[in-house]
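# Mind folding the following:
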Amino acid sequence: MNNDLKLPAAPAPELMQSKESWRVFGIMSEFVSATERLRDIHPAVSIFGSARTSHDHPYYKLTEEIARLLSDAGFTVISGGGPGIMEAANKGAFYGKSASVGLNIQLPHEQHNNPYQNISQSFQHFFTRKVMFVKFASAYVVMPGGFGTLDELMEALTLVQTGKTRRMPIILVGTKFWGGMVEWFKASLLEEKMISPGDMNLIQVIDEPEQVVAAIFKHYETRGFEPSAAERELQLNL
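The predicted structure follows:
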C-alpha cells in the first residue's frame with residue numbers, strides 16, 4: 001500500500017460559504033426573471049411528458065392535438081421546452097391561437113430547446129422551474145413519461161392535496177399507460193390509508209383530446225379562471 005497517497009485538500013470554508021451565498025442570488029434571479037416574463041400568460045395549462053418520444057409516435061401526435069385544441073380555446077400552453085412530448089406540446093400551441101411557452105432546463109445531456117416557443121425561459125435549477133409550472137397553471141395535462149414526468153405529477157398532486165396551491169384539474173392522458181398506477185394508488189395507498197378517499201378525486205384519466213379541454217372548462221364553469229385573492233396569496237407562498 002502506498003502511504004504517499006492523500007485525499008485532495010478540501011476547499012477553504014470561506015470559499016465554500018462565498019459560493020453558497022452567490023448561489024442563493026442566482027436562484028433569486030431565476031425566480032424574478034421568470035415571474036416577470038410569465039406574469040401575463042394566464043389562463044395557462046402545463047403539459048408534462050417524456051423527452052424521449054419520437055416525432056412519429058402516437059403520443060407525440062396526441063399531445064400536439066391536445067395542445068392545439070387548448071391553444072385555440074384560449075389557453076397558453078406551457079411545456080418543459082425540450083424534445084419529445086415537450087416539443088409536441090409547444091408545436092401544437094405554436095400553430096394555435098395562443099402563446100407557446102417553454103421552460104427550458106440546462107442539462108449535460110438530452111435537453112435541447114425546441115423551436116416552437118413564443119416565450120422561452122431558461123432555468124439552471126429544477127426546483128425553480130417546477131414552481132413556475134405550478135404558479136401559472138390553471139390545469140395540468142400529464143402525458144406518458146418517465147421519472148421527470150412522475151416527479152412533476154407528484155409535485156402537483158402534493159401541492160394541491162396539502163392546500164399549498166389552488167384546486168385545479170390534474171389530467172392523466174392515456175388509460176393504458178396510467179391505469180396500472182391509478183389502480184396501485186387505490187389498492188396500496190388508499191387501502192393502507194396512506195391517502196384519503198377524496199385524494200383520488202384529484203386526478204382524472206382521459207383518453208380523448210376534446211374531453212381533456214372539456215374537463216378543464218367544466219372545472220371552472222362556475223368560478224372563472226382568475227384566481228381569487230386567497231388563491232393569489234397561496235401562489236405567493238409556494
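
# mind listing the strands in this structure by residue range?
44-48, 76-79, 100-105, 119-123, 139-142, 170-173, 203-206 (DSSP state E).

# What distance do you get for residue 228 to residue 43?
14 Å (Cβ to Cβ, to the nearest Å). (Each C-beta comes from the backbone N, C-alpha and C, glycine too.)

# quick one: which of those two has more around it?
residue 43 (20 against 11; other Cβ atoms under 10 Å).

# Look up how far residue 160 lies from the more buried one.
17 Å.

# for residue 93, same thing?
Taking Cβ to Cβ, one finds residue 93 at 23 Å from residue 160.

# try residue 189
Counting by Cβ to Cβ, the gap from residue 189 to residue 160 is 15 Å.

# Ok, residue 72 next?
Separation of residue 72 from residue 160 (Cβ to Cβ): 27 Å.

# So between these two, which is more surrounded?
Neighbour comparison, residue 72 and residue 160: the larger count goes to residue 160, with 20 against 15 (by other Cβ under 10 Å).

# Tell me which residues touch that one, please.
Residue 160 makes contact with 166-168, 170, 202, according to Cβ atoms under 8 Å, 6 or more residues apart in numbering.

# got a pLDDT number for residue 111?
We have a pLDDT of 57 for residue 111.

# gap between the residue most central in space within the chain and residue 210?
Nearest to the mean C-alpha position of the chain, by Cα atoms, centre = their mean, lies residue 133 at 4.5 Å. Taking Cβ to Cβ as the measure, residue 133 falls 24 Å from residue 210.

# for residue 87, same thing?
22 Å.

# the more surrounded of these two?
residue 87 (28 against 11).

# Was I right to think the more buried one contacts residue 117?
No. Using Cβ atoms under 8 Å, residue 87 makes no contact with residue 117, being 9.6 Å away.

# Wait, residue 124 touches residue 30, no?
Yes. Residue 124 is in contact with residue 30 according to Cβ under 8 Å; the separation is 6.7 Å.
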